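Enquirer: This is a predicted model, with the sequence first.
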Amino acid sequence: MLQIIILAAGKGTRMKSKSAKVIHTLCNKPMIEYIIEESLKLTNTIDIVLNHQFDKVKEIVSKYPVNIIKQDLQNFPGTGGAVKEVSLKGDKILVLNGDMPLITADELKKFLEVDADIVMSVMKLKNPDGYGRVVIKEGNVLKIVEQKDASEEELKIPYVNAGVYLFKKEVLEEFLPKLSNNNKQKEYYLTDIIEMAVKKGLKVKAIEVDEESFKGVNSKKDLAEAEKIMCRRIKDFWMQQGVIMHLPDTIYIDAYSNFEGECEIGNGCVIKKSTIIESEIRPLSVIEEAVIKNSGIGPMARIRPKSEIIETHIGNFVEVKASRLKGVKAGHLSYLGDSEIDEGTNIGAGTITCNYDGKNKYKTKIGKNVFVGSDTQLIAPVIIEDDVMIAAGSTVNKDIKKGSLAISRAPIKIIKNFYYKFFGRKE
């Protein structure tokens, strides 16, 4: 049986953030969640070791079937100390880091294919300066040497420790109790087990891993680079499912969005936590926590949370929030918030649903085949029944019955020759 231990107790001081490192997000999802989800593809026996902001991180990971452990940093600091806290249940134990969100189950499966007492991940870097080197001979790890302690020959080695290990259970049972924190940091290090195992003559194999998948996130620059990779993976997946994307490098799609059928996404769009079904999202539109079905959105439209848009045309500079629109045309320059609008209705330019009085939000309901003229203000709560016409420039603060015309305009007043009098000019 495989057991996976995810080390996620550290502060992540290089992130320079008030939040624990492992809950920073890539494509809207905390990085620790990616690691858990990939781990669950391999085993249901997963332990996560936490400490910094324990309650906050626990709240995020508790939705998964994992065992959560709080590391005692006073008595068991360091990576070796974290593993000391875990009850060893698997025949093999895979140790991962909580700041490697790009790891995939397919990459981790490769560790299980190697016959060794310890399988250690290494990366081959073009410029390994600043990293400790892993000395390897015929695939066997001989030692790990810090750069400051390396000889000239060892400094030429391109292999560095990638930080993921697979141990046989008996190896950890033997060497964990022997770990010492007699070092400057006063911490227990897993790498010391590698040294002890090599000295005893155990088989310690190196597995070369992909730098992209095993990229650690230690700073906000690392976070941005990792998000770029994750976003590319997400878009590649959806394009393979048949979604058309124009200039995909300019498009942001988060980890929670879904597409059904043949959809088309224009350049510069942002789509978060939304479901897009057989629709076109035109350039520079933003869709958040919404459902779009058989519709055209944008360009330059914004669909905010709790919106459902069906068989509808939303044009440029239209904002929709917490509304359900079915069979509607809203071509440009409108705000439709907390509304229900039925099929056949046309929303003129400059229409606003006035849904907020400073204390509470109110709903606007518009029926079928309603024509709303330009520059109309609908003061909620208000109900506009079917087959109504609202004249341009109207302010509607009463319910309108079926078949009616609503018009609200002050009479125009014309003062002859006012221009010439005001500027003191002759006609």
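Expert: Sure, I can see it. Predicted, not measured: the structure shown is a model, and the values here were computed from it.
Enquirer: which parts of stretch 308-320 are buried?
Expert: Across stretch 308-320, burial judged by 16 or more other CB atoms under 10 Å covers 308, 309, 310, 312, 313, 314, 315, 318, 319, 320. (C-beta placed from N, C-alpha, C; glycine too.)
Enquirer: One more: stretch 154-163?
Expert: For stretch 154-163, by 16+ other CB under 10 Å, it's 154, 157, 159, 160, 161, 162, 163.
Enquirer: picking up where we left off before, which of the buried residues of stretch 308-320 sits closest to residue 199?
Expert: residue 308 (64.8 Å; CB to CB).
Enquirer: any idea how far that closest one is from residue 315?
Expert: Residue 308 sits 18 Å away from residue 315, going by CB to CB, to the nearest Å.
Enquirer: Next: residue 291.
Expert: Per CB to CB, residue 291 is found 19 Å from residue 315.
Enquirer: ok, now residue 48?
Expert: 47 Å.
Enquirer: Helices of the stretch 51-200 of the chain, start to end?
Expert: Assigned helices in the stretch 51-200 of the chain, in chain order: 54-61, 78-84, 105-112, 152-155, 169-175, 191-200 (criterion: DSSP state H, counting those that start in this stretch).
Enquirer: Figure out which of the ones you listed is closest to residue 325.
Expert: Between the helices of the stretch 51-200 of the chain, helix 54-61 lies closest to residue 325; by CB to CB that is 33.8 Å.
Enquirer: neighbouring contacts of that closest one?
Expert: Here helix 54-61 makes contact (CB atoms under 8 Å, 6 or more residues apart in numbering) with 8, 19-20, 22-23, 30, 32-33, 36, 48, 50, 68, 70.
Enquirer: what's the pLDDT at residue 427?
Expert: As summarised for this prediction, residue 427 has a pLDDT of 73.
Enquirer: can I assume it is in contact with residue 420?
Expert: Yes: contact criterion CB atoms under 8 Å: residue 427 and residue 420 qualify, at 5.2 Å.
Enquirer: Please enumerate the strands of the stretch 1-150 of the chain.
Expert: 2-8, 25-26, 29-30, 46-50, 67-70, 92-97, 118-124, 133-137, 140-145 (DSSP state E, counting those that start in this stretch).
Enquirer: Show me the shaky parts of the stretch 1-150 of the chain.
Expert: The model of the stretch 1-150 of the chain has no residue with pLDDT under 70.
Enquirer: tell me the contacts of the residue nearest to residue 75 when sequence neighbours are not counted?
Expert: Using CB to CB, 6 or more residues apart in numbering and skipping residues adjacent in sequence, the residue nearest residue 75 is residue 81, 7.6 Å away. By CB under 8 Å, 6+ apart, residue 81 lies in contact with 71, 72, 73, 75, 179, 181, 187, 188.
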